[in-house]
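# Got a sequence here, can you model it:
(one chain, ligands or ions: 1)
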Amino acid sequence: MRAAIFRGLRAIEVGERPDPVIREPTDAIVRVVLACVCGSDLWYYRGESPHAAGSIGHEFIGVVEQAGTDVATVSPGDLVVAPFIYSDMTCPHCQHGSTISCKRGGSFGDGTIDGGQGQAVRVPLAGSTLVRVPGGNHSDQTLRSLLTLSDVMATGHHAAISAGVGPGDVVAVVGDGAVGLSAVLAARRLGAERVIALSRHPDRQAVAKAFGATDIVAAPGDEATEARHGTDRRDWR
Ligand SMILES: [Zn+2]
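Numbering: from 1, shown residues only. The predicted model follows:
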């Protein structure tokens, strides 16, 4: 199959990888429908963090082509969202909600495990990893939205949850990249009343507003704090 191959510093190219096959009864083979590039892929590309040569890409949605005999939750033909890691959901870490630390888990596209930036992926622990999407005949727009659940929207949501965002809160989101913008959306979903997006890019400011930001602060660093104090303070808590 064709797949993006990480060769090293500033070298990612399309190449050939073996067609994935079921190796364990808990595996599934997923044909990739949509995939995207994560900011962390750029860290590897720029040499800012290490990455083994080989497969790359950990954000994808796809259709199950084959499921191992122990995979009960998804079947061939199902549209599925893959999180950026696979996990068993039974070890102590998974039981406490930290699936990224799963004792049996791992990351897609780590150089050896198939990556999302390829035609197909062997998904280990598929029954506890893949999330089946209900319904069918989804529009391209819906498919693109579903793709964000593989990492970026989940990461923005995680940030909002970790910050304890709840109804009526005032929230500042520092950073206007894809995760920051997703955090704006997540904060509004969780009921935040006022969401201040720190952004100096007009195009991203527009997305932030579309996602529910009530205020835009374009000043950097300490100036942003001053800008905050300069706004109407009646609503601040
Ligand atoms: Zn686990």
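# When you work out contacts or count neighbours from here on, use the C-alpha atoms and nothing else.
Fine.
# could you pull out the helices for the chain?
Applying DSSP state H to the chain gives helices spanning 39-46, 92-95, 126-129, 140-148, 152-162, 178-189, 202-210, 221-230.
# Quick check: R132 vs the ion, distance?
Per CA to the ion, to the nearest Å, R132 is found 19 Å from the ion.
# about what we covered before: out of the helices of the chain, flag the one nearest E13.
Among the helices of the chain, helix 39-46 comes nearest to E13, with 11.1 Å by CA to CA.
# Between helix 178-189 and that closest one, find me the angle.
Between the axes of helix 39-46 and helix 178-189, defined by axes from the mean of the first three to the mean of the last three CA atoms, to 10 degrees, the angle is 170 degrees.
# Nearest to the ion: which residue in this protein?
Closest contact between the chain and the ion, by CA to the ion, is at C102 (3.4 Å).
# For that residue, give me its contacts.
Residues near C102 by CA atoms under 8 Å, 6 or more residues apart in numbering: S87, D88, M89, C91, P92, H93, C94.
# swap the cut-off to 7 Å and go again
C102 is in contact with S87, D88, C91, H93, C94, counting by CA atoms under 7 Å, 6 or more residues apart in numbering.
# With distance to the ion, mean pLDDT and mean neighbour count as new columns, can the helices of the chain be given to me in TSV?
Below are the helices of the chain laid out as TSV (distance: least, CA to the ion, whole Å; pLDDT from 0 to 100; neighbours: other CA atoms under 10 Å):
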stretch	distance to the ion	mean pLDDT	mean neighbour count
helix 39-46	23	94	16
helix 92-95	4	97	15
helix 126-129	9	98	23
helix 140-148	23	97	15
helix 152-162	18	96	19
helix 178-189	25	97	26
helix 202-210	35	97	17
helix 221-230	39	71	12
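# any chance of those helices in JSON lines, plus distance to P25?
Formatted as JSON lines, the helices of the chain follow (distance: least, CA to CA, whole Å):
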{"stretch": "helix 39-46", "distance to P25": "30"}
{"stretch": "helix 92-95", "distance to P25": "21"}
{"stretch": "helix 126-129", "distance to P25": "9"}
{"stretch": "helix 140-148", "distance to P25": "26"}
{"stretch": "helix 152-162", "distance to P25": "28"}
{"stretch": "helix 178-189", "distance to P25": "35"}
{"stretch": "helix 202-210", "distance to P25": "43"}
{"stretch": "helix 221-230", "distance to P25": "52"}
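# and the gap between the residue of the chain closest to the ion and G135?
For C102, the distance to G135 equals 30 Å [CA to CA, to the nearest Å].
# returning to that earlier point: and of the helices of the chain, who's closest to V21?
With CA to CA as the criterion, V21 lies closest to helix 126-129 of those, at 13.2 Å.
# can you list contacts of that closest one?
26-28, 71-74, 82-83, 86-89.
# what about G109, how many neighbours?
28 (other CA atoms under 10 Å).
# what does G136 give?
So G136, with other CA under 10 Å, has 8 neighbours.
# Check it and give its pLDDT.
G136 carries a pLDDT score of 91 in this model.
# buried ones in stretch 53-70?
53-68 (16 or more other CA atoms under 10 Å).
# near the ion, which of those residues show up?
Near the ion, judged by CA under 5 Å from the ion, there are no entries from the buried residues of stretch 53-70.
# Going along the chain, name the strands of the chain.
With strands called from DSSP state E, the chain shows them at 2-8, 11-16, 28-35, 54-55, 60-67, 79-82, 85-86, 106-107, 120-123, 131-132, 170-174, 194-198, 215-217.
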